Each structure stands twice: as C-alpha cells, then as structure tokens.
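Trainee: Show me the folded form of this:
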Amino acid sequence: MIYTCSLDTPLGKGAATAENGSLTKFWFVGQKYCPIGVDARAHTPEYPVFDSLRTWLAAYFGGENPVWDLPLAPAGTPFQKAVWEILLLIPYGKVTTYGTVAQRTARGKSGSPLLARAVGGAVGHNPIAVIIPCHRVVGSTGSLTGYAGGIDRKKALLQLEQADFGSILRL
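Mentor: Take a look at the predicted model:
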C-alpha cells in the first residue's frame, strides 16, 4: 500500500509518499514534475516514515544537518537512480555542477560520454526533494539553474546551508 501525507515547510506546502517503510517521494506542491497517481484515499499522516520526515525537516529548516536514517526508495530508471545516488554524496553546504555529476556517472562505462544535459533531466526528476539534495547541483559557473521546486526555493535551501560557492566540489 502507498501511504501519503501533506506537510507544511518554511518554503511552502509539501507532500510525501511512502511504501514498505521507505520514503518514495517528497515534493513541494505545485513544483515542476509533480508526481502523479498519488491516491488521496491512502492519506495516512501518522505513518512512521512521515513522523521521521517531519522530524528531519524541522531539524533541517532549523539550520541543522540531520541524518536521514530510513530507507529511500525513489522510483526511476537505472540511469536516474545512479544520478540520485551521486547526489547523496554531495555534503551539506557544498555544491557541485551538472558536468561533475555527469563525469561521475560516466566513470567505468564504455561508449560516448554522458552529457550534463541528461544528468540535468535526471536531477530535475528527483522524486525526493531536499533529502536527495538536487538543490546542491549548480551550473558550470556556479549559477543557480534548474530546480523543479523553483529557483527561489533552491536559493533559500542553499542559503540555509550557507553553501560554499567558492570551491565547487569535484566528486
């Protein structure tokens, strides 16, 4: 069964889904690429994963760097999942580029290099915002580009983390 809940955050209303004890989606309501097919009849805000999510979000928006300790189960293609795993390596308060994520994704694979644009598509379709930190990926010059939740939210998240744009992380 898929469980759903709505949450309030300092950056607007959020929604989440969980299944089998794992968080499957967290997004800002109205963002680009909003998940579809969420059954409102399964609205279960007391599901334990959502209690953990609320606690994590309160700590995060309180300026802490909380550890997510429950399973994540985002649905996606193997390529998307590989990109999302790389995003989890970006430390709190750091940023990296789409090109760097593309280079890391391409390591150990034969064929033509993967383009930063393909990575951008995978990053943009990240179904678990904030926890899988797609907001920490910036353009090659450090510009704030491409965030499904909106550039204002991306900027706010990076300001909250006091992100260091002086040294763009090479994963």
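Trainee: How is this protein partitioned into domains?
Mentor: Taking automatic domain parsing as the reference, the chain has its domains at 3-61, 78-160.
Trainee: most packed of those?
Mentor: domain 78-160 (a mean of 18; mean count of other Cβ atoms under 10 Å). For the C-beta atoms, the positions are set from N, CA and C on the backbone; glycine is no exception.
Trainee: where's that one relative to the chain centroid, distance-wise?
Mentor: 9 Å (Cα atoms, centre = their mean, to the nearest Å).
Trainee: Report the residue spans of the chain with pLDDT below the cut-off.
Mentor: The chain contains residues with pLDDT under 70 at 34-41, 108-116.
Trainee: May I have the residues that are in contact with the closest residue to Ala82 other than its chain neighbours?
Mentor: Closest residue to Ala82 apart from its sequence neighbours, by Cβ to Cβ, 6 or more residues apart in numbering: Thr105 at 5.6 Å. Contact analysis of Thr105 by Cβ atoms under 8 Å, 6 or more residues apart in numbering lists 79, 82-83, 86, 114, 119.
Trainee: Tell me the backbone dihedrals of Thr97, please.
Mentor: Per-residue torsions, Thr97: phi -110, psi 160 (degrees, to the nearest 10).
Trainee: Look up how far Glu19 lies from it.
Mentor: In this structure, Thr97 and Glu19 are 33 Å apart, going by Cβ to Cβ, to the nearest Å.
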